[in-house]
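**Q** sharing a sequence plus its predicted fold:
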Amino acid sequence: MRFARSLVSRLSATRSFAVRRVPFSTLYTKEHEYLKADGDLHFMGISDHAQSELGDVVFVELPEVGAEFAKGDALGSVESVKAASSVYAPIDCEIVEVNKSLEDNHGLVNESAEEDGWMVKLKATNPDQLSDLLDADTYATFCNEE
């Protein structure tokens, strides 16, 4: 894992970005959120690319369990030493769980954005919208062209 972070740092420094190979069940938005399928539910957070651009995360705002959001609604935020950024609902959804570990350890977003640093677990209320999201290869291309 340390090697992967080092590689991401070197790639980001040259303004090109490589998304590590992830299971086909991981999807991305152009706003740099990801969804990772877990049965009928999805883990959601900011992508590894997003956290590397933000720098050290110092605060994470999470929604309440049970809250419902339409695609594109701000459902939380991430603040870093460089900037604050809203986190948007990638699809219409209901929040079924929040990652309470982030309350005391914001750095998990930097250390493991797409694993331990997930922000919420959600239920899609309009699963057809999943087809609007990007697969890992398309997301990598998008990041490189940004």
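**A** Great, that's in hand. Note that the structure is predicted; figures quoted are calculated from it, not measured.

**Q** is it correct that E103 falls within a helix?
**A** Yes: if the criterion is DSSP: H, G, I helix; E, B strand; the rest coil, then E103 is within a helix.

**Q** neighbours around it, how many?
**A** Here the number of neighbours of E103 (other C-beta atoms under 10 Å) works out to 10. Backbone N, C-alpha and C define where each C-beta goes, glycine included.

**Q** what does E61 give?
**A** 15.

**Q** same check on the one 5 residues further on?
**A** Residue neighbour count, defined by other C-beta under 10 Å, stands at 8 for G66.

**Q** helix/strand/coil for it?
**A** Applying three-state DSSP: G66 is coil.

**Q** ranking helices and strands of this protein by mean pLDDT, which lands last?
**A** The helix or strand of the chain with the poorest confidence is helix 2-13; it has a mean of 36 (mean pLDDT, DSSP states H and E).

**Q** confidence score at the closest residue to D92 other than its chain neighbours?
**A** Nearest residue to D92, sequence neighbours excluded (C-beta to C-beta, 6 or more residues apart in numbering): N126, at 4.0 Å. Looking at N126, its pLDDT is 95.

**Q** from D56, how far out is N126?
**A** Relative to D56, N126 is positioned 35 Å away (criterion: C-beta to C-beta, to the nearest Å).

**Q** which ones are touching the residue most central in space within the chain?
**A** Closest residue to the average C-alpha location of the chain: I46 at 2.0 Å, with C-alpha atoms, centre = their mean. For I46, the contacting residues are 32-34, 54, 78, 85, 87, 109, 113, 117, 119, by C-beta atoms under 8 Å, 6 or more residues apart in numbering.

**Q** ramachandran coordinates for it?
**A** phi -90, psi 150 (degrees, to the nearest 10).

**Q** which strand residues bridge it?
**A** Here I46 shows beta-bridge partners E33, assigned using DSSP bridges.

**Q** partner residues bridging Y28?
**A** Y34, L134.

**Q** does it touch L133 like I think?
**A** Yes: assessed by C-beta atoms under 8 Å, Y28 is found in contact with L133 at 6.2 Å.

**Q** which stretches of this protein form helices?
**A** 2-13, 48-54, 101-104, 108-111, 136-145 (DSSP state H).
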